[in-house]
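[1] okay, predicted coordinates and the sequence, questions at the end:
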Amino acid sequence: MRPGWGFSALIEAADRRILFDTGADKLVLEENARALAVDLTSIDILVLSHEHCDHIGAITSALHEGLEVFYPASSSVLFQKEAEKPERPPWHAHAVSASAEIAPGITSTGEMGKKVVEQALVVDGSEGPILVTGCAHPGIVEMARAATHIAGEPISLVIGGFHLYKSKNPEIRKIAGALRQLGVKRLAPCHCTGESAIKLLLEAFGPDGLDVMAGTHIAM
């Protein structure tokens, strides 16, 4: 596997393949897809958490005929115009504002946050709902709380970027406690969470903390 700055997760559920974000680099996405024997043209749905380059930079490698693309409705006008060009018949764009099911067992949180608007996914898993975040700019606790409300039960796993790389240790410990209070069972922080924050969060969750990296596979 080839590491790179950014985030991209392949979700296989309910007979669908969902790519959540694409990462920043086309070569990284394409090389890792080949290493995992994943044909990018087999992706049914592409979900974009937000329009920062480290999450959508490799989008052109993922686009193909019949692909359903879900992105935050408040994305920049430039991005919207590009996504919704009438001369793009092979793939279909869907602007997301409120929480909605985009496939059986796959629900968007809808747009969250103000400074950076972002959506996350709530996925039905065999051990309970799973929350997948891109960067969690609106706040990982707030997103976990929203996901818990959507799912109607505690979250079994939160995975993705938590955007805590600038946070101090006391704040990180407080966040870990708040996630525990919400009933989050397992945690898999990566990307923009920051090395120090990842260490503290994994310590706080003990055996329920998962160390993830490029190529990590989780079955739930």
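    Now that the structure is in, tell me what you want to look at. Since the structure is predicted, the reported quantities are computational estimates derived from the model, not experimental observations. Numbers count the residues shown, from 1 in each chain.
[2] what about residue 132, how many residues nearby?
    24 (other C-beta atoms under 10 Å). Where you see a C-beta, it was placed from the backbone N, CA and C, and this is true even at glycine.
[3] now swap in the one 5 residues further on and tell me
    For residue 137, the count of nearby residues is 21 (other C-beta under 10 Å).
[4] can you name the next helix or strand after the least confident helix or strand in the chain by mean pLDDT?
    Within the chain, no helix or strand scores below helix 77-83, which has a mean of 71 by mean pLDDT, DSSP states H and E. Next in sequence after helix 77-83, counting helices and strands by DSSP states H and E, comes strand 92-96.
[5] the chain: helices as residue ranges?
    Here the chain has its helices, by DSSP state H, at 26-35, 53-56, 59-62, 77-83, 140-151, 169-181, 195-205.
[6] thinking again about what came up before, the least confident helix or strand of the chain packs against which elements?
    Helix 77-83 makes packing contacts with strand 68-72 when contacts are defined by 3 or more C-beta pairs under 8 Å, 6 or more residues apart in numbering; DSSP states H and E.
[7] sheet partners, orientation included, of the strand it packs on?
    strand 45-47 (parallel), strand 92-96 (parallel) (DSSP bridges).
[8] tabulate the ones you listed in TSV, adding columns for mean pLDDT and mean neighbour count.
    Putting the strands paired with strand 68-72 into TSV (pLDDT from 0 to 100; neighbours: other C-beta atoms under 10 Å) gives the following:
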stretch	mean pLDDT	mean neighbour count
strand 45-47	97	23
strand 92-96	91	16
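[9] can I get these in TSV with distance to residue 39?
    Formatted as TSV, the strands paired with strand 68-72 follow (distance: least, C-beta to C-beta, whole Å):
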stretch	distance to residue 39
strand 45-47	14
strand 92-96	19
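[10] tell me which of the ones you listed sits nearest to residue 4.
    The closest of the strands paired with strand 68-72 to residue 4 is strand 45-47. By C-beta to C-beta, the value is 18.1 Å.
[11] show residues contacting the closest one.
    With contacts defined as C-beta atoms under 8 Å, 6 or more residues apart in numbering, strand 45-47 is touched by 16-22, 59, 62-63, 67-71, 102-103, 106, 108, 119, 121.
[12] how much space between the residue nearest to residue 52 when sequence neighbours are not counted and residue 51?
    Nearest residue to residue 52 in three dimensions, chain neighbours excluded: residue 135, at 7.0 Å (C-beta to C-beta, 6 or more residues apart in numbering). Residue 135 sits 11 Å away from residue 51, going by C-beta to C-beta, to the nearest Å.
[13] who has more neighbours, these two?
    Shown here are residue 135 and residue 51; by other C-beta under 10 Å, residue 135 has more neighbours (24 against 20).
[14] mind listing what that one touches?
    7, 49-50, 52, 55, 116, 118, 160-163, 191-192.
[15] residue contacts, the spatially closest residue to residue 169 that is not a sequence neighbour?
    Leaving aside its sequence neighbours, residue 169 sits nearest to residue 200 (C-beta to C-beta, 6+ apart; 6.3 Å). Residue 200 makes contacts with 169, 172-173, 176, as judged by C-beta under 8 Å, 6+ apart.
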